[in-house]
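S.K.: Here is a sequence with its predicted model. Questions after.
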Amino acid sequence: MIRRSDFPKDFIFGTATAAYQIEGAANEDGRGPSIWDVFSHTPGKTLNGDNGDVACDHYHRYKEDIKLMKEIGLDAYRFSISWPRVMPDGKNINQKGVDFYNRLVDELLENDIVPFITLYHWDLPYALYEKGGWLNPDIALYFRAYATFMFNELGDRVKHWITLNEPWCSSFLGYFTGEHAPGHKDLQEALIAAHNLLRAHGHAVQAFREEVKDGKVGLTNVVMKIEPGDSKPESFLVASLVDKFVNAWYHDPVVFGKYPEEAVALYLEKGLQILDSDMNIIATPIDFFGVNYYTRTLVIFDPNNPLGFSYVQGDLPKTEMGWEIYPQGLFDMLVYLKERYRLPLYITENGMAGPDKLENGRVQDTYRIEYLEKHFEKALEAINAGVDLKGYFIWSLMDNFEWAYGYSKRFGIIYVDYNTQKRILKDSALWLKEFLKS
Ligand SMILES: OC[C@@H]1[C@@H](O)[C@H](O)[C@@H](O)c2[nH]c(CCc3ccccc3)c[n+]21
């Protein structure tokens, strides 16, 4: 049985959330609309028309939530700042919004919990979207100004920062499949957005080096273990190609200053030019990569699909998201990232959506305890294999707004009764509390 003491002394365990998924208070104290406010209020975009207007009401209940983190014994907490809460139009300051994050950080520090801040977790100010959003090259400068302001405001107390959460999701889901805000379905736009997201990241890192001398800054990507879904040689080729488009695309430029050649070919085919000056900014050195790992993805060669491949379902046990439970993929990807990029790593998200039922005041999510144990074991295996893994943030602290799935998917180790906003520690939280003492 794995114990906390098996991990390095300074290894940190935490939980992760994101502003639009938990805060609520969407129209309070001067907060402006984000693309997710507009998207979730657009009929048909989210399950049951669910939106983040109230969510977990964390904006008002943050002290209680921090007390629960303390009770569980967490070392750290990863959260995101709502850009439109601090800059309603993407540019001008809303002091009440800024004050909330000052209070939040101070409360965390008073409870000996280390804050990790994600600057952008998908909630772009709608006013900037109206100026082109991630399709407008100027977005990188707006983001730089926002980042600079937040570094100045909180950088005296917050020393661990993440520029973007999963640029792959923002570009591919937001601009190609349209499943996420702003719901566009255009490959060329997705390519432009991807590039501007990485440019924005690079500008923020440059600003960070000027504003927070003693801090660490990184980029969080979704990391998927891509495997062939059948034994055809073509499927192995396709798996390697998809791996480049999902994983290498958002890691290579940041470390090597160049895209995988398959991606460059696609940019050129779409008549998009990549400037060397852009790549130099994108490759501004970072201190770590954040790894969001959940599952593997199986692909097979499919000549009928314009992209040449299609996804197939694996036969391993799955979570409520339909994602296979595959802890080995975590080990494989941590070793892959270490060998290719030689940077320290944090697992900034790992967790599962479960069929959580509140019965007699209890949620017996034994499946989530097993999930976490197996993934903790693989993280420890990676450390013992030489990976410089520095921490592990469970997704998520509490049940919250799961984007297009609304409130139907529960990822929390704390159950949220949305009718009463009552928080109930699930068995997994009670298990984690004991684990953290072991
Ligand atoms: O879905 C659970 C969480 C979200 O609630 C977080 O906001 C987001 O950072 C996040 N990313 C992923 C993995 C990315 C992914 C997206 C689509 C399909 C498969 C994996 C899972 N999650």
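M.R.: That came through, no problem. Residues are numbered from 1 along each chain as shown.
S.K.: Model confidence for the closest residue to residue 320 other than its chain neighbours, exactly?
M.R.: What sits nearest to residue 320 in space, not counting adjacent residues and going by CB to CB, 6 or more residues apart in numbering, is residue 353, at 3.9 Å. For glycine as for every other residue, the C-beta is placed from the backbone atoms N, C-alpha and C. On the pLDDT scale, residue 353 is placed at 99.
S.K.: So what's the residue count around residue 353?
M.R.: Neighbours of residue 353 under the rule other CB atoms under 10 Å: 22.
S.K.: Please shift the residue numbers so they start at 849 in all later answers.
M.R.: In the new count, where the first residue is 849, that last one comes out as residue 1201.
S.K.: That one contacts residue 1173, doesn't it?
M.R.: No: taking CB atoms under 8 Å as the definition, residue 1201 is not a contact partner of residue 1173, at 11.3 Å.
S.K.: Touching both of these two, which residues are there?
M.R.: Listed contacts common to residue 1201 and residue 1173 are residue 1167; contacts here mean CB atoms under 8 Å, 6 or more residues apart in numbering.
S.K.: State the distance from residue 1133 to residue 956.
M.R.: From residue 1133 across to residue 956, the span is 28 Å (CB to CB, to the nearest Å).
S.K.: Where in the chain is the helix or strand with the lowest mean pLDDT?
M.R.: Lowest by mean pLDDT, DSSP states H and E among the helices and strands of the chain is helix 1109-1117, with a mean of 88.
S.K.: Which residue ranges of the stretch 899-1048 of the chain form helices?
M.R.: Secondary structure of the stretch 899-1048 of the chain (DSSP state H, counting those that start in this stretch): helices located at 906-920, 931-934, 943-958, 974-977, 987-1002, 1015-1016, 1035-1059.
S.K.: could you give the mean pLDDT of stretch 983-1001?
M.R.: Summarised as a single mean, pLDDT over stretch 983-1001 is 98.
S.K.: Which positions within it qualify as buried?
M.R.: The neighbour-count check on stretch 983-1001 (16 or more other CB atoms under 10 Å) flags 983-984, 987-988, 990-999, 1001 as buried.
S.K.: ok, so of the residues you listed, who is nearest the ligand?
M.R.: For those, the minimum distance to the ligand (CB to the nearest ligand atom) is 18.0 Å, reached by residue 991.
S.K.: which parts of this structure sit against the ligand?
M.R.: 866, 869, 1013, 1014, 1017, 1070, 1140, 1142, 1197, 1243, 1250, 1259 (CB under 6 Å from any ligand atom).
S.K.: redo that, cut-off 5 Å
M.R.: The chain comes close to the ligand at residues 866, 1070, as judged by CB under 5 Å from any ligand atom.
S.K.: Give the full set of residues in contact with residue 1270.
M.R.: For residue 1270, counting by CB under 8 Å, 6+ apart, the contacting residues are residue 1264.
S.K.: show me what contacts the spatially closest residue to residue 1248 that is not a sequence neighbour?
M.R.: Excluding its sequence neighbours, the residue lying closest to residue 1248 (CB to CB, 6+ apart) is residue 869, at 4.1 Å. Residues counted as contacts of residue 869 (CB under 8 Å, 6+ apart) are 900, 903, 904, 969, 1244, 1248, 1249, 1250, 1251.
S.K.: Confirm residue 869 sits in a helix?
M.R.: Yes: per DSSP: H, G, I helix; E, B strand; the rest coil, residue 869 lies within a helix segment.
S.K.: where do the strands sit along the stretch 1049-1198 of the chain?
M.R.: Remark: strands assigned in the stretch 1049-1198 of the chain by DSSP state E, counting those that start in this stretch are 1064-1070, 1073-1076, 1136-1140, 1144-1149, 1157-1160, 1193-1198.
S.K.: Run me through the strand neighbours of the longest one, direction for each.
M.R.: Strand 1064-1070 has these partner strands in its sheet, going by DSSP bridges: strand 1008-1013 (parallel), strand 1136-1140 (parallel).
S.K.: now the fifth one
M.R.: With DSSP bridges as the criterion, the sheet partners recorded for strand 1157-1160 are strand 1144-1149 (antiparallel).
S.K.: Touching the partner strand from outside, list them.
M.R.: Residues outside strand 1144-1149 that contact it (CB under 8 Å, 6+ apart): 1072-1078, 1080, 1082-1083, 1085-1087, 1090, 1094, 1156-1162, 1172, 1174, 1177.
S.K.: Just give me the residue right at the centre of the chain.
M.R.: With distances taken as CA atoms, centre = their mean, the residue of the chain nearest its centroid is residue 1013 (4.1 Å).
S.K.: just to revisit the earlier point, for the ligand, state which of the contacts of residue 869 is nearest.
M.R.: Among the contacts of residue 869, residue 1250 lies closest to the ligand (CB to the nearest ligand atom), at 5.4 Å.
S.K.: got the contact list for the residue in the stretch 1049-1198 of the chain that the ligand sits nearest to?
M.R.: Using CB to the nearest ligand atom, the closest approach of the stretch 1049-1198 of the chain to the ligand is made by residue 1070 at 3.9 Å. Counting by CB under 8 Å, 6+ apart, residue 1070 makes contact with 1014, 1016, 1017, 1094, 1140, 1141, 1142.
S.K.: Tell me which of those residues has the lowest pLDDT.
M.R.: Among the contacts of residue 1070, pLDDT bottoms out at residue 1094, giving 88.
S.K.: Pull the contacting residues for that residue.
M.R.: Taking CB under 8 Å, 6+ apart, we find residue 1094 in contact with 1016, 1070, 1072, 1074, 1145.
S.K.: circling back to that earlier point, the residue of the stretch 1049-1198 of the chain closest to the ligand bridge partners, please.
M.R.: Beta bridges link residue 1070 to residue 1140, judged by DSSP bridges.
S.K.: next one: stretch 890-909 to chain centre, how far?
M.R.: 18 Å (CA atoms, centre = their mean, to the nearest Å).
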